[in-house]
Each structure stands twice: as C-alpha cells, then as structure tokens.
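Novice: one predicted model, sequence on top.
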Amino acid sequence: DAGVIQSPRHEVTEMGQEVTLRCKPISGHDYLFWYRQTMMRGLELLIYFNNNVPIDDSGMPEDRFSAKMPNASFSTLKIQPSEPRDSAVYFCASRGTGAPTDTQYFGPGTRLTVL
Amino acid sequence: QQQVKQSPQSLIVQKGGISIINCAYENTAFDYFPWYQQFPGKGPALLIAIRPDVSEKKEGRFTISFNKSAKQFSLHIMDSQPGDSATYFCAAIAETSGSRLTFGEGTQLTVNP
C-alpha cells in the first residue's frame, strides 16, 4: 500500500496567489481529513469528508479556504487568495469505514510558504 | 472544553532514561486517547492508544497510564533511545461525536546518546 499521497511536498507562492494542495487517500478508506500544523497552533483539523461528502468544516479558518472531494481517490484544499499567515504544513489523513477511533493515516504533508 | 493540554513542550533525556509526557483533558465525553509520533518531515503516525476503562496499556517500551478521575493520561518511554527522538502528540476523541480528533500541543523529545 502506497499510503496517503500528497502533492506538492513543498509550495512557495506570493501573497494573493491561489494555492491548490492535493491528496490521494489510501484505497478503500471512506474518511479523509485535512489538517494544518503550525508552531503557534499545533495540529488543527480543518475539514473532513465521509464518502466524498464534507461532514465537519468548522475548522476551516475563513472563506479563502475551500476543500473538495470529487471522488473517493482525490481531494483538494484550495486557498484563494493566499496570505503569509497561511504558511504552515498541511496534512491529509484517511481512515477506513470502522469506528471513529480507528487509526487515521497521515500523508507526508505539504509545506506551504506564502511570501 | 475540547482542548487537550500537553506538557512539557520539550524534553531532553539521556539514552536509557525514562521519558514522560503528560496530558490533561476537560471533556468527559472523550473515550479514546491515542498517542501519535512524528518524525521531522513526516506525518504523525499512531504509536499507542488507550480507552478509559483501563488504567494502563503497555506496548514494548511504550506505556500509557490513565487516570480517569483526574482526567489525565501520560506516555512513558522506557529505556529511551536516540531513535525515539521525535515530536509526540496526545489526542482524544469522543466516539459518539464523530471523527474529530483533538490534539495536544506536542512534545519535542530529544534522546541524547
């Protein structure tokens, strides 16, 4: 199993630009999570999907952030327009169809730098 | 009430020593407490987890101690090794409230050779 795949691994952009982060969950997993990690705020859940449907987006910081999951094997997190305070490592995670306590498997993350 | 407080922020231990990381929570609905380990440049990975119906769980050199009345739990790493150097996150989830994991702030552990 290839695990959760994220791309790009690193992204440097300028303030005001649109940024799109991509995630491929583990095959067969029905849940997909987007997290943001910063020194100041630690690991924060932004949004999660079940069967491609957004279930909880209460962690999305503002309207500049949007996430989609058009099919079971692909999700995007988009920031438009980006700001320097969006600089962080963004993780995607997935888990299977069992209990909420089942293990979430994290991808390697995308390190975003907004200049 | 959703927060999980973790301490210390950083920890330096000599090889062979015991590393202890503590977490506290307020939400009594939490019913599952995993610990994640994160190496630089990697995503967090599940290390060990416990339910509040037991006071201790041991897997190899890693042990979780759980105090339900105090709403506290801790990770003990026995015979700490340099390869254990990583950031450790405690977390909590209320199974009946969906799949939202609440993470502690993280502890950066350094084990000196």
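Specialist: Sure, I can see it.
Novice: could you use CA atoms for every contact and neighbour count after this?
Specialist: Will do.
Novice: how near is the residue nearest the centre of chain A to B:L75?
Specialist: Centre of chain A computed as the mean C-alpha position; nearest residue by Cα atoms, centre = their mean is A:W34, 3.0 Å away. Note on A:W34: its distance to B:L75, by Cα to Cα, to the nearest Å, is 26 Å.
Novice: ok, how many other residues are close to residue 3?
Specialist: By default, I'm working from chain A. Other residues near A:G3 come to 15 when the count uses other Cα atoms under 10 Å in any protein chain shown.
Novice: oops, wrong one, chain B.
Specialist: 15.
Novice: so it makes contact with B:F30?
Specialist: No. Using Cα atoms under 8 Å, B:Q3 makes no contact with B:F30, being 10.7 Å away.
Novice: where does pLDDT dip in the chain?
Specialist: You didn't say which chain, so I picked chain A. By pLDDT under 70, the weakly predicted segments of chain A are A:1.
Novice: meant chain B, my bad for not saying
Specialist: In chain B, residues with pLDDT under 70: B:1-2.
Novice: re the thing from before, I'd like the distance between the spatially closest residue to the residue nearest to the centre of chain A that is not a sequence neighbour and B:F103.
Specialist: Spatially, and ignoring its direct neighbours in sequence, A:W34 is nearest to A:C92 (4.6 Å; Cα to Cα, 6 or more residues apart in numbering or on different chains). As defined by Cα to Cα, A:C92 lies at a distance of 15 Å from B:F103.
Novice: again, but for B:I48
Specialist: On the measure of Cα to Cα, B:I48 and B:F103 end up 14 Å apart.
Novice: between these two, who's got more neighbours?
Specialist: Taking neighbours as other Cα under 10 Å, B:I48 and B:F103 compare with B:F103 leading, 24 against 18.
Novice: for the chain, what spans make up the strands?
Specialist: Let's take chain A. For chain A, the strands defined by DSSP state E occupy A:5-7, A:10-13, A:19-24, A:31-38, A:42-50, A:53-56, A:65-71, A:74-79, A:88-95, A:105-106, A:110-114.
Novice: chain B is the one I meant
Specialist: So, for chain B - with DSSP E - the strands run B:4-7, B:10-14, B:19-25, B:33-38, B:45-50, B:56-59, B:62-67, B:72-77, B:86-92, B:102-103, B:107-112.
Novice: for these, which one ends up most surrounded?
Specialist: Counting by mean count of other Cα atoms under 10 Å in any protein chain shown, strand B:86-92 has the highest mean neighbour count of those, with a mean of 26.
Novice: that one: partners in the sheet, and parallel or antiparallel?
Specialist: Counting by DSSP bridges, the strands paired with strand B:86-92 are strand B:33-38 (antiparallel), strand B:102-103 (antiparallel), strand B:107-112 (antiparallel).
Novice: for these, give me JSON lines that also has distance to B:F89.
Specialist: Formatted as JSON lines, those follow (distance: least, Cα to Cα, whole Å):
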{"stretch": "strand B:33-38", "distance to B:F89": "5"}
{"stretch": "strand B:102-103", "distance to B:F89": "6"}
{"stretch": "strand B:107-112", "distance to B:F89": "7"}
